[in-house]
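J.: Structure of the sequence below:
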Amino acid sequence: MTSPLARATLSESEQAERVYTLSDYFAQRPTLESVAPGLVRDMLEDQYPSQGERLTHAALIEPEACGDEVDYRVLTLAHLLIARFLGEEKRLCPAGSYVTLYPGAEHPQKLSLGVEALDTLLDEWAPLLLEAYKQGLVDFWSSPLVGDVAPWQHLSEFFAAQLRLACAALSGDELTAVEAVLDYPDLKAREARFGSDCAQAYIPIIDSRIKGPEPLRIQALVVSHWVGERQIVLLYSLFGGIETFDSTRALEESLSVTLSDEGSGFRSYSPDHHIFDALTVSLLVRQLEAVDAIKPSDYRDPEALEQHLRELTGLQALFGAFRSGHEAKLASLDDLLPEALRKASAADRTRYGRYVAALATVHRGHAGKAFLDGIPDIRTFAGQSLRASLQAKYPAAASVSVSDISVTLTRIANSPSEMVDSARDVRYESQAQDYVAMALKNLEAFPLGALAQVRYQGQTAPAWMTYDALRTAVTDADIGRTYPELLGQKLQHDQAERARQEGLFTDYLRVLLPMWALELRLERKLTETARLYVEAVMTRDVGVREVLGQPIVVRPLAFLAHPGASADRVRNMFVIGPQATEQGPQVLCRPGARALLLEFPSWAGLLTAIQQEGPLQQSVLDGLDSARRSTYDHGGFKEPHLTLVTHSDWNIPDTPEPAALDTTLLDGSFCAALFAASIEALIAQAEADSVSNAEDRWHRFVDLGWALFGLLQFLLPGPLAGFGWLVQLLSSLKAFADPHAPHPWVAFADVLLNLAVVLVYHRQLLIGQAGAVRPGPIISNAVIKEPAVSAANQLVFGWTRPGRQFTASELVRLEKFKLSLSEAPGTLLESGDWKGLYRRDKLFYARVEDAWFRVSRKLDGVVIIDDSHPARQGPWLRRDSSGLWQLDRGLRLLGGVGELSVRAAKKLKSLEKKARDLLASVPTLLADAERSASLVQVPRDIEDMLGMKAQPFSALGRELRDLTLGLSQSPRFLIADLEQAASTLNNKGLSLRINLTKKRLPTAAAVEFLAQEEQITVHKLGERRDISGGKGNDFLDEYEIRDRQGRPLWYAHFHYLTATRPAASFSKAHLKTREQRFKGLSFQRAQESAGSKVDAIWRGDIGPKLAAALFLPPSA
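T.: Got it, this is the predicted structure:
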């Protein structure tokens, strides 16, 4: 008896770790290039048995003329074998070509195998390439990697863990059913624990063709259990989480909607052994089936075939989200990604995903805190300082929000060169500015004598809040001095706080800088070599790193004004590159600049770029010490401005040599140097000696300050500009965070983990590019056979293999498909492609060897299905020469087309064109309806007109559905478009009728129609009142008819002879417009007495039936 599985639920971080472990495992799966050498060995082994593994290195050496010399081309037999498999014709080898086992030797030894004999061997062995690949794939799945656990076992555990996590959203009997399968995945163990009526589990194998002929294969698990008379059915898929259904039929109906893609199919089996092992083995079986379907002629080159095999056998299309309920949201994450990342290779997406996962770990480890945690950004600090300055002189400022203060300055707009002869020639311009932003510019933003208007929260400011008061507060606050002092205290003088901030800075930067380098490489702003350099120096923080055989180092950017001079270091700039300066590329790292990483082909290329005037040179000059800047400014990099002493008027000083780059290596940690240099640059720039007052400090702070940390910007507070793809995604990612998480940083870390998994295992459609695979045949046949108990030792296909009779156990399974019928279940079809089948309503049946079966028609033929569970598929049928349907024990090429498919395809093409033409007419029909709406006499006419226009769409949709009834290749999307178009036209007609009705005079029919369409509500206004002018013979109940927005549309007036008569005993009742609500007979008499034209008053009659239905209380 199997023990229950562990019940512990994995956290999302543990889930992510497991996902990346699987990614590491499956990165080792075989490729064509890895299996082809083994096939070459097998090909040559008979002739050269003693050579062993050396045979895998066999190559063809071809001489080729190169001027007066002879060069040699080396072609490995492995690559020749792949090329021959893809259809390359026999090579015309030049004279002197030969085969060798030592292609790398200076004088390769010739093998006795002739070129002609090699060609024959290639022809014989190339067709076996995919068989070798499949065997390599099976060996990989079955071979233990770590801890004596094979990849298929890791997958089995992962499937169970995913289901355990997803079922946390369940409760009651549904949860009990799933937990029974989780705790006892082996059916026999489950039956021993819970009895024969325990929860059942089976594997539906769904082939869904989306946007093309290549199937997207979806792994799923169905759990079914009867609780009394109630059936519980749950579908778990790695794309959709858990879904519950109240019956198997409901599940099947849902799948027919979900898989509404052209060519969807459904197969399933119920293993008797470990369900998650079976689920895993079924995945491998399907991969092997897909490999079997490959046609070599469909590929333009080996790279295209290799890419397709990676997609077929990888995990990219396997994994969904971590939690049930999040799948739909996370499915859209891929669409949020930048184009370069979305189109990146699987390897690059995986690499970027690892950075995101690492970032989530750092974010979680620091409880959401990032660099500069606890230090307010400049705007927040400015607001606090200004408020304190104002409050010191004006106590009323205690309750003021300085961010709500704005100042409008009016200035003369004339330029100094304009002639101003009179006041009329003077032009003025006004500009409203945020007070805090003005304060950060300091006093230059507050000119003396300016015409100023101060407003608070958009209104007139309090009396004390004058322009001069605000200007004085700016002077008192002196943010340009006090903020750098705060940074200096926190980041330089307080050693404990400095150490904490350095830890935050370093931990994030080690992830973010390589991530940024990868982004630049994907945007083609860095080469792969340069990216590797950046990754290396961040991974190994100290000393010499080796990349591609070259030692890589970090150097502070510094210049030598002349030979033997002391180096002039550039603040916060470093060069990453080979230790040998004659090698390249060299990467300039400038944390204080927008272009943080710049690549140059060589050391000399970097110096040449700096020598050119422009933004790069200016940023370098800004980073030099102010005392040394003049040496290099104004062309000084090419000709340094040196102080030269001569002892004679006749001695002309030599022209200085160009400045040189210092080659001194960085001593110590690169991250520590980055941190120290960043802090030094920030504070030193704010306190530069060249600035004698506080007026310009803010400008220099903006130019350098927070931009230093732009890489970390998305983790920092405030309205700060940042760069990097995650910065762009920030607002979108926040929408995926759990609002109920105990801490926001926990929720955001979870979102980052989910993003990382989406990057690695995105739902990738297995659709080849130009020249890639077409839909291929999948070998399949009939009754489902349970997989072998130990898939690690023996892999057995789940389908009956051709060339043999059904086994006794398969015949027992076939018995379950038989129907207990004494007579034909429907009408015999006597002609056409389905001749010999019986049809009842939409169901089809076949009589095979005196037994009745329910069958499903497909373009590929006819297959037996379970009458109780139509998703369960049995054997295929074929019609023999006598017209009788028989079990088909031969090969079945799913996706192939016979006579039926050809004829159906022709009919479909005709109908599909007609459908597309109809769909293209929808905008015109809608526009015509808008124009016709103003011409119709009766509002209903416009609805009837559009209803008639919608009929061809519905009729064509029905025709398409009838033609493809029960066929997986049904054009469901096109049918859905036709139905949607018909619905759009009908809805437009109804909408126009409603709008026209509202604009016309009120009638009983109009009110009744609007009420039926739930467009109006009726509200009684007050109590019955006397409107007879004291005569006591006319009392009124008034009702207001409102539209869906609650606006009055019309009014209903009910007249009574007495105040106490029952509501149903009205003397008359009618509808009135809003404009004529208060107009009646007395109004008309007054017009007549005055000699004016008497206005007609609309009174739409209300009959007893409508009154009772809409206006009168039920008791009436």
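J.: Could you report the distance from the closest residue to residue 515 other than its chain neighbours to residue 249?
T.: In this structure, residue 515 finds its nearest non-sequential neighbour in residue 355, 4.1 Å apart by Cβ to Cβ, 6 or more residues apart in numbering. Glycine gets a C-beta too; all of them are placed from N, C-alpha and C. Distance, residue 355 to residue 249, using Cβ to Cβ, to the nearest Å: 47 Å.
J.: of these two, who's got more company?
T.: For the pair residue 355 and residue 249, the greater number of neighbours falls to residue 355 (22 against 15), based on other Cβ atoms under 10 Å.
J.: Look at the more buried one and give its secondary structure.
T.: helix (DSSP: H, G, I helix; E, B strand; the rest coil).
J.: Can you give me every residue that contacts it?
T.: Each residue near residue 355 by Cβ atoms under 8 Å, 6 or more residues apart in numbering is listed here: 511, 512, 514, 515, 518.
J.: ok so, going back, separation between the residue nearest to residue 515 and residue 990?
T.: Distance of residue 355 to residue 990, given as Cβ to Cβ: 53 Å.
J.: cool, residue 666 as well?
T.: From residue 666 over to residue 990 (counting by Cβ to Cβ), the distance is 74 Å.
J.: Next, the residue nearest to residue 1065 when sequence neighbours are not counted: phi, psi?
T.: Take residue 1065 and drop its neighbours on the chain: the residue closest to it by Cβ to Cβ, 6+ apart is residue 1056, 7.0 Å away. Here is the backbone geometry of residue 1056 (degrees, to the nearest 10): phi -130, psi 150.
J.: Got the domain ranges for this protein?
T.: Residue ranges for each domain of the chain read 32-142, 151-344+763-778, 378-412+427-477, 492-647+657-715, 800-896, 901-999, 1011-1111, as given by automatic domain parsing.
J.: Which strands and helices lie in contact with the helix or strand harbouring residue 1071?
T.: When elements are assigned from DSSP states H and E, residue 1071 belongs to strand 1068-1073. For strand 1068-1073, the elements it packs on are strand 1048-1056, strand 1100-1101, judged by 3 or more Cβ pairs under 8 Å, 6 or more residues apart in numbering; DSSP states H and E.
J.: Now do the buried residues in it.
T.: Neighbour-count burial for strand 1068-1073, counted by 16 or more other Cβ atoms under 10 Å, picks out 1069, 1070, 1071, 1072, 1073.
J.: Just the terminal-to-terminal distance for stretch 336-344.
T.: 14 Å (Cα to Cα, to the nearest Å).
J.: next one: that stretch to chain centre, how far?
T.: 9 Å (Cα atoms, centre = their mean, to the nearest Å).
J.: Tell me how far whichever helix or strand comes after the strand holding residue 1071 lies from the chain's centre.
T.: With elements assigned by DSSP H and E, the helix or strand that comes after strand 1068-1073 is helix 1081-1089. Here the centre of helix 1081-1089 is set off from its chain's centre by 71 Å, with Cα atoms, centre = their mean.
J.: Mind checking the pLDDT average for helix 1081-1089?
T.: Throughout helix 1081-1089, pLDDT has a mean value of 83.
J.: ok, and what's touching that helix?
T.: With Cβ under 8 Å, 6+ apart as the contact definition, helix 1081-1089 has outside contacts at 1029, 1093, 1094, 1095, 1097.
J.: Same question for stretch 75-92.
T.: Residues outside stretch 75-92 that contact it (Cβ under 8 Å, 6+ apart) are 32-33, 36-37, 39-40, 43-44, 56-62, 99, 103, 118-119, 122-123, 125-127, 129-130, 296-297, 299, 301-302, 305.
J.: Pull out the buried residues from it.
T.: Neighbour-count burial for stretch 75-92 [16+ other Cβ under 10 Å]: 75-86, 91.
J.: sorry, back to before: nearest to residue 183, of the contacts of helix 1081-1089?
T.: residue 1097 (79.0 Å; Cβ to Cβ).
J.: roughly how far apart are that closest one and residue 462?
T.: 57 Å.
J.: got the contact list for residue 620?
T.: Residues near residue 620 by Cβ under 8 Å, 6+ apart: 557, 570, 573, 610, 632.
J.: Can you check the pLDDT for it?
T.: Here, the pLDDT recorded for residue 620 equals 92.
J.: again, but for residue 1002
T.: 94.
J.: burial count for it?
T.: Neighbour count of residue 1002, defined by other Cβ under 10 Å: 24.
J.: quick one: it and residue 21, what's the gap?
T.: Look at residue 1002 and residue 21: by Cβ to Cβ, they are 72 Å apart.
J.: circling back to that earlier point, just the pLDDT for the residue nearest to residue 515.
T.: Per the predicted model, pLDDT is 81 at residue 355.
J.: With the one 4 residues further on instead?
T.: pLDDT, the model's per-residue confidence, is 78 for residue 359.
J.: Tell me the secondary structure at residue 570.
T.: Three-state call for residue 570 (three-state DSSP): strand.
J.: Same check on the one 5 residues further on?
T.: Under three-state DSSP, the three-state class of residue 575 is strand.
J.: For it, list the residues it contacts.
T.: Residues in contact with residue 575, defined by Cβ under 8 Å, 6+ apart, are 554, 555, 556, 557, 586, 587, 588, 589, 606, 661.
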